[in-house]
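1. Need the 3D shape of this:
(2 chains)
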Amino acid sequence: MATVEIRSLKKSFGAATILQGADLRMEEGEFVVLVGPSGCGKSTLLRCIAGLEPITSGNLVIDGEDMTTADPVKRGIAMVFQSYALYPHMTVGENIGFGLKIANTPKAEIKSRVAEVARLLKLDSMLDRKPKALSGGQRQRVAIGRALARKPRIFLFDEPLSNLDASLRAEMRVELAKLHSSLGNTMVYVTHDQVEAMTLADRMVVMSAGKIEQVGAPLELFNNPANRFVAGFLGQPPMNFIKVTSARATASGIALGLPGGDTVEVGLPAPLAGNAEGLELGVRPEDMSIAPEGRLKLEVEVVEQLGGETIVYGRLADGQLVTAKLAGQAEIAGGDRLALDFSEERLHVFDAKGANLRYRTPVPHGKAKALS
Amino acid sequence: MSDFISARGIKRCVSYLVVGGWALFSVFFVVWVVLASLKRNRELFGSPLSIPTSPQWGNFVKTWVNNRFGDYFINSLLVTSVSVIAILIVAVPAAYVLSRGRFRGREALSSFFAFGMGVPFPLLFVPLFVMMASMRLADTLTGLTIVYVALSIPFTIYVLEGFFSSLPSELESAAIIDGCSDVQVFRHVMLPLAGPGVATVAILNFVGLWNEYQLSLVLINSPENRTLSLGIYSLITSMQYSGGDWASLFAGVTIVMVPTLILFVILSEKMISGITMGGVK
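-> Residues are numbered from 1 along each chain as shown, chains lettered A, B, ... in the order given. All right, here's what the predicted structure looks like:
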């Protein structure tokens, strides 16, 4: 087990800056998921931690020791790649034991360690097979086995499940969660799949355009996003952003004008009143419900019946698109007019720069916190 | 849809006809030469397409011993084998570094090697001979081997560079994470994966050098240092004086063909997969 600290880490490829100064601390035994859209720099950050990419500036500290320029093997890490990266000319057993062989481990020890790992991952019967004779899930297990065999301090996963089909992905997700709880190692996991991120992470690191946008427990980020990007990235369907028409001070806060003439009152400081320019209301589709007196008047365009829930896509009076996720099987069709209401407590308000005006600074808990 | 299928069917038919015709043409002449080498000269001209009734293995003995094809064969085998091994020793690591290394001037160096392929050999005859003579390597098999290696490196590096580039880089990353040094990554991971590519360039170089004639003609003078291609030529020349012993000549041609045929039979599968892999890239 190990702690990992990233201090003002920057990474550039020529003139292109990929990481713009990341600060992060991962505690012993933590499962940290780096999540973000393609090209946000999450894989680059992982490769910098692994030592596969030189760090342009800043520091990487593992267990208190500066590893910024250390060779990958000295960092005590193992990595599982998106394409598995199994050596095609070696058998499963040779793949798992390769790292030990390179480290000049005695043959008997390699054999027993490979057998132990194979037993753990249910690969015992396939040790003599070549990777091409394995299914996707089996290959993924071999890749994990290869990482396990060397008993690393830190496991790095680079989108390891993205090549698997949906059912196998769900199965492997559970396997990984079990593995983490049984091994207790620090794990850093990169994905663009928010379901993987939400289900596996002790803490999530949401990244965008080379920057860390927010760090926190999955539900903390979902319920209390720091900005418009995080709010929009987490949740499926994504959060609705509704441009408000006016902002006027009231006794208990500010009344924000909605398309169609209704208002919603939110507890925000009075100085924000008067300028509605760029203000947006953030409403999650699942926080909406049909109500006769609902303040959002919607003309339905498309309805998706998913059995357990109904997703409704429509437009407000001023043409803004809105998505609602209703529980159960609602009898709605395209062209219907709906009145939707929402819970005011779960509303978010974003300013013109995208900051969440209702963001509550989390109380730092014992396990970990972002340095930034 | 049916138009599409019939158009595709016609295309396929034409391809099979062309490839099949070409294969038949080549096989016919190879078989004819082998059969001719087992005939008497009289039989050869009397019934050129017949199968020899009593095979004349003596033709081979005569060519091997009297015409010194045994010596030429060993010379050719020695020069070609050593050259191919040396070419691979130099070109395989060089191609790997040029395809994967990150250093200044890498592209310029790659282009420099590619440029080497464009130099016509006849342009090099005189300078090469002068250089070899000044090093006292003219008319030696060692000199010929050095020249073969030097002139084959650009093509070999060019082919292998494309081959290494087509291998997934994540395997290298995985090997580095597993604790490999750069040399170990090459030795344990990339080299075994490049097997088909290495087999391809090995066989292409072997066949090319085995059949090479011009450079050996320029650099080799002594009869004892002749290679097989020079031996065939000397046999043709001698036929002007001794009358036409065509059967012995065909026996000589058969001896020349045998190693390349064996090599093709052993390595053709690897070579084809090598060529296709390169093609994917």
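2. Mind splitting the chain into its structural domains?
-> The chain I'm using is chain A. Here the domain parsing of chain A from automatic domain parsing is A:4-226, A:240-350.
3. wait, chain B
-> Following automatic domain parsing, chain B resolves into domains at B:2-37, B:66-280.
4. Quick one: closest of the domains of chain A to chain B.
-> Chain B lies closest to domain A:4-226 among the domains of chain A, at 3.9 Å (CB to the nearest CB). C-beta coordinates here come from the backbone N, C-alpha and C atoms, glycine included.
5. Run the chain-centre distance for the closest one.
-> Domain A:4-226 sits 14 Å away from the centroid of its parent chain (CA atoms, centre = their mean, to the nearest Å).
6. Also stretch A:221-235?
-> 11 Å.
7. and what of stretch B:215-234?
-> Per CA atoms, centre = their mean, the displacement of stretch B:215-234 from the mean C-alpha position of its chain is 17 Å.
8. Same question for stretch B:236-253.
-> Put simply, stretch B:236-253 sits 25 Å off its chain's centre (CA atoms, centre = their mean).
9. For it, buried residues please.
-> By 16 or more other CB atoms under 10 Å in any protein chain shown, the buried positions in stretch B:236-253 come out as B:D245, B:W246, B:A247, B:S248, B:L249, B:F250, B:A251, B:G252, B:V253.
10. Out of these, which two are the most distant from each other?
-> By the measure CB to CB, B:D245 and B:V253 form the most distant pair in these, at 12.7 Å.
11. What's the separation between the residue nearest the centre of chain B and chain A?
-> Geometric centre of chain B, nearest residue: B:V207, 1.8 Å, by CA atoms, centre = their mean. The gap separating B:V207 from chain A is 26 Å, by CB to the nearest CB, to the nearest Å.
12. Wait, that residue touches B:T260, no?
-> Yes. Using CB atoms under 8 Å, B:V207 is in contact with B:T260, at 5.1 Å.
13. who are the neighbours in contact with A:S38?
-> By CB atoms under 8 Å, 6 or more residues apart in numbering or on different chains, the residues touching A:S38 are A:H192.
14. ditto for B:S110
-> B:S110 is in contact with B:L98, B:E161, counting by CB under 8 Å, 6+ apart.
15. In terms of pLDDT, where does it sit?
-> Note for B:S110: predicted pLDDT of 90.
16. Three-state assignment for it, please.
-> With DSSP: H, G, I helix; E, B strand; the rest coil as the basis, B:S110 sits in helix.
17. quick one on the thing from earlier: could you dump the domains of chain A to TSV with mean pLDDT?
-> Conversion of those to TSV gives the following (pLDDT from 0 to 100):
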stretch	mean pLDDT
domain A:4-226	92
domain A:240-350	89
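18. now for these, which one comes closest to B:S81?
-> The minimum distance between B:S81 and the domains of chain A falls on domain A:4-226, with 25.5 Å, by CB to CB.
19. backbone phi and psi for the residue nearest to A:M26 when sequence neighbours are not counted, please?
-> In this structure, A:M26 finds its nearest non-sequential neighbour in A:V4, 4.3 Å apart by CB to CB, 6 or more residues apart in numbering or on different chains. Main-chain torsions, A:V4, degrees, to the nearest 10: phi -130, psi 130.
20. Kindly report the same for the one 3 residues further on.
-> The phi and psi torsions at A:R7 (degrees, to the nearest 10) take the values phi -120, psi 120.
21. go on, A:R337?
-> Torsion angles, degrees, to the nearest 10, at A:R337: phi -110, psi 130.
22. and A:K130, what is it in contact with?
-> Here A:K130 is in contact with A:P88, A:H89, A:M90, A:T91, A:V92 (criterion: CB under 8 Å, 6+ apart).
23. coming back round to it: now the helix or strand hosting the residue nearest to the centre of chain B, how far from the chain's geometric center?
-> Using DSSP states H and E, B:V207 maps to helix B:195-210. Distance of helix B:195-210 from the chain centroid (CA atoms, centre = their mean) equals 6 Å.
24. For it, C-alpha coordinates in PDB please.
-> The C-alpha trace of helix B:195-210 is given here as PDB (Å, rounded to 0.1, in the frame of the first residue of the first chain):
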ATOM      1  CA  GLY B 195       9.600 -12.800 -36.400                       C
ATOM      2  CA  PRO B 196       7.600 -12.800 -39.600                       C
ATOM      3  CA  GLY B 197       9.100  -9.500 -40.700                       C
ATOM      4  CA  VAL B 198      12.600 -10.800 -39.900                       C
ATOM      5  CA  ALA B 199      11.900 -14.000 -41.800                       C
ATOM      6  CA  THR B 200      10.600 -12.000 -44.800                       C
ATOM      7  CA  VAL B 201      13.700  -9.800 -45.100                       C
ATOM      8  CA  ALA B 202      16.000 -12.800 -44.400                       C
ATOM      9  CA  ILE B 203      14.500 -14.800 -47.300                       C
ATOM     10  CA  LEU B 204      14.300 -11.700 -49.700                       C
ATOM     11  CA  ASN B 205      18.000 -10.900 -48.900                       C
ATOM     12  CA  PHE B 206      19.000 -14.600 -49.200                       C
ATOM     13  CA  VAL B 207      17.400 -15.000 -52.600                       C
ATOM     14  CA  GLY B 208      18.600 -11.600 -53.800                       C
ATOM     15  CA  LEU B 209      22.200 -12.300 -52.800                       C
ATOM     16  CA  TRP B 210      22.200 -15.900 -53.900                       C
END
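25. Would you mark the buried spots in that helix?
-> Buried residues in helix B:195-210, counted by 16+ other CB under 10 Å: B:196-210.
26. which one of these sits closest to chain A?
-> B:P196 (11.1 Å).
27. Just name the most buried of the domains of chain B.
-> domain B:66-280 (a mean of 17; mean count of other CB atoms under 10 Å in any protein chain shown).
28. I'd like the domains of chain A as CSV, with distance to B:L98 appended.
-> Converted to CSV, those look like this (distance: least, CB to CB, whole Å):
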stretch, distance to B:L98
domain A:4-226, 20
domain A:240-350, 51
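29. between the ones you listed, which gets nearest to B:R12?
-> It is, among these and with distance given as CB to CB, domain A:4-226, at 29.1 Å.
30. what residues does the stretch 51-200 of chain B put near chain A?
-> B:168, B:170-171, B:173-180, B:184, B:188-189, B:192-193, B:195 (CB under 8 Å from any CB of the partner chain).
31. Give me whichever of the domains of chain A is most buried.
-> Counting by mean count of other CB under 10 Å, domain A:4-226 has the highest mean neighbour count of those, with a mean of 19.
32. How about the contacts made by A:S12?
-> A:I18, A:T56.
33. pretty sure it is in a strand, no?
-> Yes. Judged by three-state DSSP, A:S12 forms part of a strand.
34. Name whatever forms a beta bridge with it.
-> With DSSP bridges applied, A:S12 shows beta-bridge pairing to A:T17.
35. for the helix holding B:V207, what is the average pLDDT?
-> For helix B:195-210, the per-residue pLDDT averages 90.
36. ok, then the element right after it?
-> Next helix or strand after helix B:195-210 toward the C-terminus (DSSP H and E): helix B:214-219.
37. which residues sit against that following helix?
-> Applying CB under 8 Å, 6+ apart, the set of residues contacting helix B:214-219 is B:121-122, B:125, B:128-129, B:132, B:138-139, B:143-144, B:147-148, B:151, B:226-227, B:229-230, B:233.
38. Could you write out the alpha-carbon coordinates of the stretch of helix or strand B:P127 belongs to in PDB?
-> Following DSSP H and E, the helix or strand that holds B:P127 is helix B:121-134. Output in PDB follows, covering the C-alpha atoms of helix B:121-134 (Å, rounded to 0.1, in the frame of the first residue of the first chain):
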ATOM      1  CA  PHE B 121      24.600  -0.400 -58.100                       C
ATOM      2  CA  PRO B 122      26.400   0.100 -61.400                       C
ATOM      3  CA  LEU B 123      27.300   3.600 -60.200                       C
ATOM      4  CA  LEU B 124      29.200   2.000 -57.300                       C
ATOM      5  CA  PHE B 125      31.200  -0.600 -59.200                       C
ATOM      6  CA  VAL B 126      34.300   1.500 -59.700                       C
ATOM      7  CA  PRO B 127      34.500   3.200 -56.200                       C
ATOM      8  CA  LEU B 128      33.700  -0.100 -54.500                       C
ATOM      9  CA  PHE B 129      36.400  -1.900 -56.400                       C
ATOM     10  CA  VAL B 130      38.900   0.800 -55.600                       C
ATOM     11  CA  MET B 131      37.900   0.800 -52.000                       C
ATOM     12  CA  MET B 132      38.100  -3.000 -51.700                       C
ATOM     13  CA  ALA B 133      41.400  -3.100 -53.500                       C
ATOM     14  CA  SER B 134      42.900  -0.400 -51.200                       C
END
